[in-house]
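Participant: sequence first, predicted model second:
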Amino acid sequence: MALISPSRRLRRTPFSDGVEAAGVKAYTVYNHMLLPTVFRSVQEDYRHLKEAVQVWDVACERQVEVRGPDAGRLVQLLTPRDLRSMQPGQCYYIPIVDETGGMLNDPVAVKLTEDRWWISIADSDLLYWVKGLAYGYRLDVLIDEPDVSPLAVQGPRADDLMAAVFGEQVRQIRFFRFVPLSFQGRDLVVARSGYSKQGGFEIYVEGEDIGMPLWNALMEAGKDMDVHAGCPNAIERIEAGLLSYGNDMTDDNTPHECGLGRFCNTHTAIGCIGRDALLRVAAEGPVKQIRAISIAGDPVPACDRYWPLLADGKVVGRVSSAAWSPDFNTNVAVGMVRMTHWDEGNVLVVETTDGSRQATVHEKFWI
Ligand code: THG
């Protein structure tokens, strides 16, 4: 593919200088911002992520900050996940739906205090929907995109690296919890979370001026831990079944179709905009759903359009993401499959960009 022209619209991040110095080889665009996709090669990055520790510029996971007395009420309008038991210091993965139950985003919600939340968004312009609801419902809230840029530290040695920079207390942080920790005299939110299954943290870097100082401190402290710049890895995230909004699902899909029913409490999520629509679809159950798919043969090309899934020559689904997995010695993929063909072991045909292959449906992802 040709190169993408840089411009101001395609935003740099507080860590871009470090990313470039580390030899980034490719970017994608996410929330109108640069997101690295390759450093050494996708396969070398994958191996290193599973064996060492990486620092990821995920500043493109922008925050929608909701602040004010109606903040909690507004966040509950957005999601069918019941937020009543959520405490300050917790993060929740929340599907966000429109009035039809269609997915608008699948962010991580960060509850800072009762009346201050961050919604750490996937790739869609959620800010406008949130602002529109606040205005339409005349809520007492302020909504903006603050100067907050997540930096992820992921991999089996993440605890050691984070302890070297932030102190031993990082080891006590529980999954999807956060604590404020000091770096150069500034308190930063540090959560145990991240877009991989290798373990690690996300630092919500508040103030772009400390972006490079923190990046450099992590690289320096990690010298004897084989630290390297990394990024969300296409292979690992498919093995893990971590979904990518805009790729694997859109506003055409309900959370149930996405396999996110476990993050919905639609009966008790009073206020949720899509509640009535979701109660109807949840009663019937979805007729298609996200599945892990293995694709036979040599490594497949990048999946940059839907690949039809066929049974007896008829379309019964589509593949939306795929990659060669060195650890499982097969192509791993994410697909949406009709109910008639979604059972474990079902054998289908996938029409990839370079020809038809055998595809097998699985009920569980690989890791
Ligand atoms: N971290 C933060 N913001 C984000 C992402 C992130 N914004 C964009 C994108 N990623 C949002 N999508 C996801 C998808 C999956 C998860 C988090 C964000 C995730 N899922 C785990 C799982 O499904 O196993 C755990 C969910 C849970 O148990 O609550 O982590 O990565 N800040």
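Facilitator: Structure's in. What do you need? Numbering: from 1, shown residues only.

Participant: which residue packs closest to residue 350, ignoring adjacent ones?
Facilitator: For residue 350, the nearest residue in space outside its immediate sequence neighbours is residue 359; the separation is 4.0 Å by C-beta to C-beta, 6 or more residues apart in numbering. In short, each C-beta sits where N, CA and C put it, glycine included.

Participant: please disregard the earlier target; I meant residue 75.
Facilitator: Here the nearest residue to residue 75 in space, its sequence neighbours aside, is residue 117; by C-beta to C-beta, 6+ apart that works out to 5.4 Å.

Participant: may I have whatever helix or strand that neighbour lives in exported as CSV, CA atoms only?
Facilitator: Mapping residue 117 onto the secondary structure by DSSP states H and E places it in strand 116-120. Once non-C-alpha atoms are left out, strand 116-120 reads as follows in CSV (Å, rounded to 0.1, in the frame of the first residue of the first chain):
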residue,chain,number,x,y,z
ARG,A,116,-15.8,12.5,37.4
TRP,A,117,-15.4,9.8,34.8
TRP,A,118,-13.2,9.0,31.9
ILE,A,119,-14.5,7.0,29.0
SER,A,120,-11.5,5.5,27.2
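
Participant: that strand pairs with which strands, parallel or anti?
Facilitator: According to DSSP bridges, strand 116-120 has the following sheet partners: strand 63-67 (antiparallel), strand 108-113 (antiparallel).

Participant: in the lowest-mean-pLDDT helix or strand in the chain, which residues are buried?
Facilitator: Scoring the helices and strands of the chain by mean pLDDT, DSSP states H and E places helix 275-284 at the bottom, with a mean of 94. If you call a residue buried by 16 or more other C-beta atoms under 10 Å, then helix 275-284 has these buried ones: 275, 277-278, 281-282.

Participant: same question, stretch 239-248
Facilitator: Of the residues in stretch 239-248, 239-245, 248 count as buried by neighbour count, 16+ other C-beta under 10 Å.

Participant: okay, the spatially closest residue to residue 195 that is not a sequence neighbour and residue 136: tell me how far apart.
Facilitator: Distances taken as C-beta to C-beta, 6+ apart place residue 232 nearest to residue 195, at 4.8 Å, with adjacent residues excluded. Using C-beta to C-beta, to the nearest Å, we find residue 232 at a distance of 34 Å from residue 136.

Participant: higher neighbour count, the two?
Facilitator: Just comparing residue 232 and residue 136: by other C-beta atoms under 10 Å the higher neighbour count belongs to residue 232, 25 against 8.
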